[in-house]
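Pasting the sequence and the predicted model now:
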Amino acid sequence: MAPRLKLFIPLILFAAMAVFLFRGLSLNPQELPSALIDRPLPQFELPALGQERVLAREDLLGEPALLNVWATWCVACRVEHPYLQQLADSGVPIYGVNYKDEDGAAGRWLAELGNPYRFNIADRDGTLGLDLGVYGAPETYLLDADGVIRYRHVGVVDERVWETILQPRYLQLAAGGDTP
Amino acid sequence: MIPELGHFALIIALCFALLLAVVPAWGAWRRNSQAMALAPGLAMGLLFFVGISFACLAIAFLQDDFSVKVVAGNSNSLLPPIYKFSALWGNHEGSLLLWALILSLWTAAVAAFSPQLPLLVLSRVLAVMGAIGVGFLSFSLLTSNPFARLLPGIPADGNDLNPLLQDPGLIIHPPLLYMGYVGFSVAFAFAIAALLGGRLDASWARWSRPWTNVAWAFLSLGIMLGSWWAYYELGWGGWWFWDPVENASFMPWLAGTALLHSLAATEKRGLFKSWTVLLAIFAFSLSLLGTFLVRSGVLTSVHAFATDPARGLFVLAFLAVVVGGSLILYALRAPAVSSRVGFSWVSRESLLLVNNIVFLAATLTVLFGTLFPLIMDALGQGKYSVGPPYFNAVFVPLMALLVPFMGLGPVARWKKDSTRRWQAELAIPAVVAVVCGLTLPLLGGQYNVWVALAVALSGWLVLGLLRDLWYRVRGAASPGAGLRRITPSYWGMFLAHLGFAACVTGVVATSQYNIEHDLKMVPGQTEELAGYSFRLLEVVPAKGPNFVADEARFEVSYQGEVIALLAPQKRRYLASGQVMTEAAIDAGLFRDLFVAMGEPVGEEGAWAVRLHYKPMVRWMWLGAIMMALGGFTTTLDKRYRRQRSAARVASASEALHGT
């Protein structure tokens, strides 16, 4: 290759990167690839965190609820935890999926920060996460009473997310309606 | 009224930046020395007006002017004044204004402290910095005006600053980080000016070096503070998370480290010219990329501020113009033929080359890991997250590979050295380092292979440095005279390399020997951890200016003697209702004791608590401080000041012959 042409290599690499960055702008990392929306929660049989029992899909049915995917290695989970606690205290049922984590660490986390979850599914190998299409914690799924996934939020649930996105849908489900 | 004044000042600042970008550049092109001579004055004007604008926003924050949107969103009347001030940059709009302020500070500094620089070069450098200023000021004015009002409907009180950011460390972390980030714009501007002038020579490298060193030193301090803040404020004793925003500041640091060393080779030996220019472009591009990643929300992160696609698009377009433009210039103007200066494989040059390869590989590793989720998403391959396992697996071996060569670096001679000399010089340090590695970890309790390796590698670095220092001093009449003869540049290198050794030791020792206990404690109970007894005396309510808290009182004793009283808190902030864990730390050179409170458990006043024993965790931050001091020290070197007459001659001859 001519020496001068070699000097163009950085430019070409940068141009390729810029294309990806541009694509990235129109993709919202917090938005669901909608494969599972309005589909039932996948079947699973996994141990409960800190309890001698096996949990399955049926344990989550009966009323609309949040399913929160978290892990002790996830910094953002730490951030959203106090707000989840507030939600749980105000009566919103929240189930946890402890994703690719160690039971000991997860137990300590709950002892230290409080436990907003009705129970936690110990998804040590991430199998449930794989079925759900989890790509990073935290993620929060809104389930209806029949265990159908109605919404997925990727990222921290805070007051803004709850009030503008999740709560309206949750209230509608709780009132027996269908999500729009 | 004051916010409008600030807004107006910002618009005037943009005009100054435009003039600075155009007039001196035109002057340099047409060889119009009057136009070129305007550059320093315009740079000062830019600083003046951005400064006024910044001061106006600061006043709005300090006076609780909740009619201003960012103040209402990020401050609160109960907030202590110092946090009202730092709340200014705890949000997108304000932090951009800080970016612009620091950029104009650097620009003015270049204008003020470069009397030795030929006017032609100075005007090109300042024009490039002015152009960057145009980009950022218009970004601020067009998409994120910090002075936007909330009218009508002024809130009675503000939303409060995120409690995580209400911390002394976070008052100075962003300014220091930005000083570093933005400081690389100077090296970038020098590189572009050199490409425009077509003269990539030793003097160009000599001019850029002190600026690059200072920016790098600031960036080291900024990253260190961020890590320290995460350690004590996030409440669970972690200090680095490979979060995209952390990576965004770490990548310019890595590229900057490569640039520092490459500049040394270019200045001293006229080598790697094109390569050094490329690194200067690369380091600043990574700073801009970091800004893009943080501001556009293309990657999720704990640090992410509210995001907006219009802003993302603006930064991306700016990135494309700056980086794309400079790379085109590079492709067209950089010397395509490798320099004729040769060097043998056994020489300092090749060791610097190893440094460059390792740091570039590390930068690309982090860049790849950071962008991987985005790339896969854009290709429709699904969503991924890349976490610490990847970064640690790639980064740690790279650094371990670096150290053996780093120990050789200071001892090695330019151009041609001999392995036989290296053996003679360094055989004893090598043996001593291995012995240290084998024995010293025994002091830390149980023996650990990784710590042994880290100690041996750090020992190798330190002993090599000491050996070289002795070698330089021994020829002098007295040791004092010998030490005085050593240049600030050398001392800077010495300090920075020592700091790196301290960092390596601290990181490995604390990762390997860290002990943590999570348990339930009732008042009166005593727990043992690594020989220390932690006695929970009581849990009492406490009150701060804008929070209420439960405060636990711990008495820590060692071998029967009370050595510390620790009072961690569980705070609830009044404005937002957020609960925060405030850890209490007894810091020491060889160990930190760290206590954080969890939740109350059951009756009887029991609490979940976390006790940490963290050996040598301070070493990593002390190491970073030493690196930064090293960076600052190098700028005291006389050779950066006495070039005046030589530069004048060069400038005159350049003006005569054209370029």
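Nice, I can see it.

can we go C-alpha only for contacts and neighbour counts from here?
Noted.

Now chain A against chain B: closest residue?
Ranking the residues of chain A by distance to chain B (CA to the nearest CA) places residue A:112 first, at 3.7 Å.

That residue: which element?
helix A:103-113 (DSSP states H and E).

List the buried residues of that helix.
Neighbour counts over helix A:103-113 (16 or more other CA atoms under 10 Å in any protein chain shown) mark A:103, A:106, A:108-113 as buried.

same thing with stretch B:391-399?
In stretch B:391-399, counting by 16+ other CA under 10 Å, buried: B:391, B:395, B:398.

do that stretch and chain A meet?
No - no part of stretch B:391-399 sits near chain A under the criterion CA under 8 Å from any CA of the partner chain; the closest distance found is 14.1 Å.

same check, this time on stretch B:589-603
Yes - contact between stretch B:589-603 and chain A is present through B:597-599, B:601 (criterion: CA under 8 Å from any CA).

which residues in chain A form strands?
A:45-47, A:54-56, A:65-70, A:94-99, A:120-123, A:139-143, A:149-154 (DSSP state E).

now the ones you listed in a markdown table, with mean neighbour count?
Listed next are the strands of chain A as a markdown table, based on neighbours: other CA atoms under 10 Å in any protein chain shown:
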| stretch | mean neighbour count |
| --- | --- |
| strand A:45-47 | 16 |
| strand A:54-56 | 16 |
| strand A:65-70 | 24 |
| strand A:94-99 | 25 |
| strand A:120-123 | 26 |
| strand A:139-143 | 23 |
| strand A:149-154 | 22 |
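
Rebuild the ones you listed as JSON lines, extending it with distance to residue B:258 and mean pLDDT.
Below are these laid out as JSON lines (distance: least, CA to CA, whole Å; pLDDT from 0 to 100):
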{"stretch": "strand A:45-47", "distance to residue B:258": "49", "mean pLDDT": "88"}
{"stretch": "strand A:54-56", "distance to residue B:258": "53", "mean pLDDT": "87"}
{"stretch": "strand A:65-70", "distance to residue B:258": "38", "mean pLDDT": "92"}
{"stretch": "strand A:94-99", "distance to residue B:258": "38", "mean pLDDT": "91"}
{"stretch": "strand A:120-123", "distance to residue B:258": "42", "mean pLDDT": "90"}
{"stretch": "strand A:139-143", "distance to residue B:258": "38", "mean pLDDT": "89"}
{"stretch": "strand A:149-154", "distance to residue B:258": "37", "mean pLDDT": "83"}
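
Redo those strands as CSV? Include distance to chain B.
Formatted as CSV, the strands of chain A follow (distance: least, CA to the nearest CA, whole Å):
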stretch, distance to chain B
strand A:45-47, 23
strand A:54-56, 26
strand A:65-70, 14
strand A:94-99, 13
strand A:120-123, 17
strand A:139-143, 12
strand A:149-154, 9
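
Redo these as CSV? Include distance to residue A:11.
Shown next, in CSV, are the strands of chain A (distance: least, CA to CA, whole Å):
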stretch, distance to residue A:11
strand A:45-47, 50
strand A:54-56, 53
strand A:65-70, 40
strand A:94-99, 41
strand A:120-123, 44
strand A:139-143, 37
strand A:149-154, 34
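
So for chain A, which residue is the most central one in space?
Central residue of chain A (CA atoms, centre = their mean): residue A:139, 1.4 Å from the mean position.

so for stretch B:11-30, what's the average pLDDT?
For stretch B:11-30, mean pLDDT is 95.

now it: how far from the chain's centre is it?
Mean-position distance between stretch B:11-30 and its chain equals 29 Å (CA atoms, centre = their mean, to the nearest Å).

Could you pull out the buried residues of it?
B:11-28.

outside of it, which residues touch it?
Outside stretch B:11-30, the residues that touch it by CA atoms under 8 Å, 6 or more residues apart in numbering or on different chains are B:32-39, B:42-43, B:45-47, B:49-50, B:120, B:123-124, B:126-131, B:133-134, B:137-138, B:141.

where does the stretch 101-250 of chain B dip in pLDDT?
Applying pLDDT under 70 to the stretch 101-250 of chain B flags residues B:235-236.

how about the residues of it near chain A?
Going by CA under 8 Å from any CA, the residues of the stretch 101-250 of chain B near chain A are residue B:241.
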